[in-house]
Structure formats: C-alpha cells, structure tokens
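**Student:** coordinates only, sequence not included:
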C-alpha cells in the first residue's frame, strides 16, 4: 500500500474545542485538572474523553476503551483538536485497530510526545495526516513551549524558524545533556519524522515504522542507560540505516547517563558511535524531549536543519 498524500489539519482558533484522551498510560484527577487549565489558558475549550478516568493495569483503560476515545474525538464534528494527557505506555497496542480512513476523513490536530510517538508514526504513514510532537496536555507549560506551540498550530507562517531555548542553554551549565552539540555541521533539508527513540526503534520492521529515508530524523529519550540507547540506535542502523537520512537531530536525552558504578561509555560517546561515521548534518541537545522548554515538531512537514545557526526552519505551514 502506497503512503497517502500528506494532509494538514485546520489551524486552531480561539474558542476551539479540544478533546483530551489517555491513549497510553492511565492518568489522575489532578493531572486532568491541570490539563484543563493548560488548554483553557490558551483560549481553547475542553472535552474530556469518555474513558479518561479508566485504569487497566498501568494503561488508561483497555485497548477497546482507548480506541473508543481516539475514534470518538476524530468522529465528533465539534472537536477541533485531540491532545494526549500523557504518554506512558500502551499506544503501540492500538495501531492495528485504528480506523485510519476515519482519521483521514476528519483531519484534526493531534498533540503529544513520548509514547504518543507510536500514534504519530502510524497515523502519518497510514492516514497521511500531519500530527504534532509537542507537550502533553498535563505538561508544566513554559513561555517558550507555549510560544512555539501557538506559532505552529495557531499562527502558521510560510516559513518559521525555531531557535533553541535559552532556558535550556542555562541548564546546560549544570546538566550537560542540555548542551547543544554539532557532530557534523552544515545544513540539510527533508521531511520531519521520529520521536521517542524507544518507540521509533520498537516499530522497526512493522507496517508502522518511520520512513527515515531522506528525512530529518529527530530522536529523544528518557531514563535509558547508554547501553540501551546504543541498542536502539543499532536497531535503526541495521534496519534502515542512519546514512539514508538527510540529517539527524537529537533532542534532550534526560537521565540517560549511567547511574551506578558499572563501567560504561558516556551518553555522548554512545551516540557519537552512530553519528560520527555519517557524512550528513548531525546535532544533539536540541530543545525537545521529556523537558519543560520544548518546541513543537510537525510530523511529515519539510524543514531545514542548520547546525551553524542552531535552528530548525519549517519550510511550509503545518496547518491549513
């Protein structure tokens, strides 16, 4: 089956209705309250998924319940956007059951990161919809994150250049993982794909794998030891090959240094084993990941990565 032509969802307008769902891990009343306040602070209204309070093990309900909320929000003509309240785990179980034709017929903004990567990759590939790797609804919003979100979803431009967060630059003094590094300089242009490394790696060899050929592949991770990061990057090397990307953009790998006395490569040494042999642009420490100050990345949209300027420029609006 050929990949469907890319479709951009309508831009968000003040007063639009946003559906909150928990397609991965389960949530809590406190997180729901915070998510509602976050969304209303943007001038938007909220509709909660019918099963938002469901708990099934560590998941936000059974597969059937989570699918019902996902499909219900896309099918509801009053809902303008769908925002995952958190990541967690479990989204991958939804993929073979999603009604991709329904989603393609009802294009809407879908936002989230972490485990939501599975939905982004599958929906982009099988429904052709631009979705958005950005804060989850229960995130602690920062001025930088809100500005980036609004500029991409509510005030689109023909070309939009994203600069890295100065707050993250300040954090780099004490927390080296926030340091922006250029492994290979220059510029590269391609479609944006990627997300959480664990999910991108897990989907390799399946019908939902990221299409990384000619892409700007963006990756981030949290709470994984260097040897596990190495294993996941090696999975990408063995399956599609990082050399086939236009460039590689790593975000913040939070809490991914070795935490005990075991002999280990550092995180930088680990990722550089995979980036140094490349010839194309490759950078690390960009402002996305399991962090507060993150920019929003539209999946499938063409962009230019500039290692010298430390910017990512979207070459087209991500919404219609």
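**Tutor:** That came in fine, so what should we check first? This is a predicted model, so every value here is computed, not measured. Numbers count the residues shown, from 1 in each chain.

**Student:** okay, CA-based contacts and neighbour counts for the rest of this
**Tutor:** Noted.

**Student:** pretty sure residue 243 contacts residue 275?
**Tutor:** No. With contacts counted by C-alpha atoms under 8 Å, residue 243 stays clear of residue 275, the gap being 9.1 Å.

**Student:** out of these two, which sits in the busier spot?
**Tutor:** The neighbour count for residue 243 versus residue 275, taken as other C-alpha atoms under 10 Å, is higher for residue 275 (23 against 18).

**Student:** Which pLDDT value belongs to the more buried one?
**Tutor:** At residue 275, the model reports a pLDDT of 98.

**Student:** From residue 115, how far out is it?
**Tutor:** Residue 275 is 24 Å from residue 115, where distance means C-alpha to C-alpha, to the nearest Å.

**Student:** And residue 107, by the same measure?
**Tutor:** Applying C-alpha to C-alpha, the value for residue 107 to residue 115 is 21 Å.

**Student:** With residue 106 instead?
**Tutor:** For residue 106, the distance to residue 115 (C-alpha to C-alpha) stands at 23 Å.

**Student:** Likewise for residue 54?
**Tutor:** Residue 54 is 18 Å from residue 115, where distance means C-alpha to C-alpha.

**Student:** More neighbours: which of these two?
**Tutor:** residue 115 (25 against 19).

**Student:** Just to be sure, the more buried one is in a strand?
**Tutor:** No. With DSSP: H, G, I helix; E, B strand; the rest coil as the criterion, residue 115 is located in helix rather than a strand.

**Student:** In contact with it, which residues?
**Tutor:** 24, 87, 88, 89, 90, 91, 92, 196, 199 (C-alpha atoms under 8 Å, 6 or more residues apart in numbering).

**Student:** Find the nearest non-adjacent residue to it, please.
**Tutor:** Leaving aside its sequence neighbours, residue 115 sits nearest to residue 87 (C-alpha to C-alpha, 6 or more residues apart in numbering; 4.6 Å).

**Student:** So the one you found: helix, strand or coil?
**Tutor:** Per three-state DSSP, the secondary structure class of residue 87 is coil.

**Student:** What is the burial count for it?
**Tutor:** Based on other C-alpha under 10 Å, the number of other residues close to residue 87 is 23.
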